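Colleague: sequence plus predicted model, see below.
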Amino acid sequence: MTAETPGSKALEAPLSCGTVRDLLPLLYAETTSAEDLSGLDDHLLECGDCHEEAVFLARVAQARPRPPAGLSHRIVAEVTESRRRLSLEPRIRVAGWMTSVAALLVLSLGIGLYWTGGASPDLDFALTSFLDADEGEYDEWMVAGAPVLDALPDEVLRDLMVDLE
Amino acid sequence: MKVQRSGPGETPADESDLVRAAQNGDRDALGRLVSRHEGVVYRFLLGILTDEDRAADVTQETFVRALGSLDGFRGEASFRTWLLSIARNEAWGALRRAGRRREAPLEDSPSLVDPDPDPETKALDSTEVERVRRALATLPEKQRMTVSLRLFDGLNYREIAELTDSTEGSARVNYHHGIRRLRERLDDG
């Protein structure tokens, strides 16, 4: 069957009705080049049945549904917008990540300020003196070079305050 | 007497150039690709969804999906076939979301409208175009889609078979049965 290869050598020979019936719809299709179908007209001039079929197909083809006006513009606008959103997405993701980190830092700073700001002047002084005390004096209650006041027994704390005074 | 034929239509020779340009963000190329294929996509979807508004919406979704993933188009099939495959998936997704699951294969699906409408409906079919469209809508789905893809858009039977889940031979038979049935309906009219 040569119907799927219009323009091939087979079209140079007289066409059979079967081949013509196969090709006829392409006469009315939007995407078919007219020159691909050379040879059909000769057959249609001679064959009444095929001509009548062609007339019928032309009648049906007139009912081809059309997309609503403006659809292609809507599509191009939507595709363009969609691409713009996609191109922004990585930047938005990075910005979001950075905002989270910044928020965490601010929160940590706030908590730190709250705790240190809430301490009494006496305690600040005690801490300073504690750090300035003789080396090894309070090693037992030092962790990573910082005093753990909560861990100090009351008696030691009292001694510490006396020393500081 | 010469049979009047439709316009020559655009050749697909520069299709790959257009696709490449659209991939690179060329808005003009994008517009030309859409103009070239919106008709066939719309008609194909209308055949499945049977509703003009939904067909238009899903046509838009199809292009957004397809043109958003143009990098995935390798050129193994024609751009049109690739686009229509995406359209089919989008249509089935739309039907699933609407709760209209496709239980039966296309071949067994009933026709869209009553082939013997009441007098009031008949009166509405006042124009020739409406009569033909109504007759088309009475065809079983696979015949209707095959006639539409072949006659309105010039797809070859291999492409039609791929899109309607049938063989090339079945697609050919569906076309001829569809046309014969259409002629009977319109001659009865």
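Modeller: Arrived safely, thanks for sending. Numbering: from 1, shown residues only, chains lettered A, B, ... in the order given.

Colleague: any residue of stretch B:63-70 touching chain A?
Modeller: Yes - for stretch B:63-70 and chain A, the contact criterion (Cβ under 8 Å from any Cβ of the partner chain) is met by B:63, B:64, B:67, B:68. All C-beta spots, glycine's among them, are computed from the backbone N, C-alpha and C.

Colleague: list the contacts for the residue nearest to residue B:167 when sequence neighbours are not counted?
Modeller: Taking Cβ to Cβ, 6 or more residues apart in numbering or on different chains, and ignoring the residues beside it in sequence, residue B:167 has residue B:161 as its nearest neighbour in space, at 5.5 Å. Contacts for residue B:161 (Cβ atoms under 8 Å, 6 or more residues apart in numbering or on different chains) come out as B:167, B:168, B:170, B:171.

Colleague: thinking again about what came up before, compare the residues of stretch B:63-70 next to chain A and tell me which is most surrounded.
Modeller: Taking other Cβ atoms under 10 Å in any protein chain shown to define a neighbour, the member of those with the most is residue B:63, carrying 28 neighbours.

Colleague: A strand includes it, no?
Modeller: No - membership of residue B:63 in a strand is not supported by DSSP: H, G, I helix; E, B strand; the rest coil, which gives helix.

Colleague: surely it and residue A:79 touch.
Modeller: Yes - assessed by Cβ atoms under 8 Å, residue B:63 is found in contact with residue A:79 at 6.0 Å.

Colleague: now do the shared contacts for the two.
Modeller: Shared between the contact lists of residue B:63 and residue A:79 (criterion: Cβ under 8 Å, 6+ apart) are residues residue B:34.

Colleague: got JSON lines for the residues of stretch B:63-70 next to chain A, with distance to residue A:31 and pLDDT too?
Modeller: Formatted as JSON lines, the residues of stretch B:63-70 next to chain A follow (distance: Cβ to Cβ, whole Å; pLDDT from 0 to 100):
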{"residue": "B:63", "distance to residue A:31": "17", "pLDDT": "95"}
{"residue": "B:64", "distance to residue A:31": "22", "pLDDT": "93"}
{"residue": "B:67", "distance to residue A:31": "19", "pLDDT": "88"}
{"residue": "B:68", "distance to residue A:31": "24", "pLDDT": "84"}
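
Colleague: in the residues you listed, find the pair that's most separated.
Modeller: The most widely separated members of those are B:63 and B:68, with 8.8 Å between them, by Cβ to Cβ.

Colleague: overlap of the contact sets of the two?
Modeller: By Cβ under 8 Å, 6+ apart, residue B:63 and residue B:68 have these common neighbours: residue A:79.

Colleague: okay, now the unreliable bits of chain B?
Modeller: Low-confidence segments of chain B, defined by pLDDT under 70: B:1-13, B:100-126, B:189.

Colleague: switch to 50 and redo it
Modeller: For chain B, the stretches with pLDDT under 50 are B:1-2, B:7-11, B:103-105, B:107-115.

Colleague: quick check, the residue in it closest to chain A?
Modeller: Across chain B, the shortest distance to chain A (Cβ to the nearest Cβ) belongs to residue B:154, at 2.7 Å.

Colleague: nearest spatial neighbour of that residue, chain-adjacent residues omitted?
Modeller: With Cβ to Cβ, 6+ apart as the measure, residue A:29 is the residue that lies nearest to residue B:154, at 2.7 Å, once sequence neighbours are left out.

Colleague: pretty sure the one you found sits against residue B:151.
Modeller: Yes - with contact taken as Cβ under 8 Å, residue A:29 and residue B:151 are classed as touching, separated by 6.6 Å.

Colleague: higher neighbour count, these two?
Modeller: Relative neighbour count places residue B:151 above the other of residue A:29 and residue B:151, with 26 against 21, counting by other Cβ under 10 Å.

Colleague: just confirm the more buried one is within a helix.
Modeller: Yes - secondary structure assignment (three-state DSSP) places residue B:151 inside a helix.

Colleague: which residues touch it?
Modeller: With contacts taken as Cβ under 8 Å, 6+ apart, residue B:151 has the following neighbours: A:25, A:28, A:29, A:57, A:60, A:61, B:179.

Colleague: burial count for the second one?
Modeller: The number of residues packed around residue A:28, counting by other Cβ under 10 Å, is 24.
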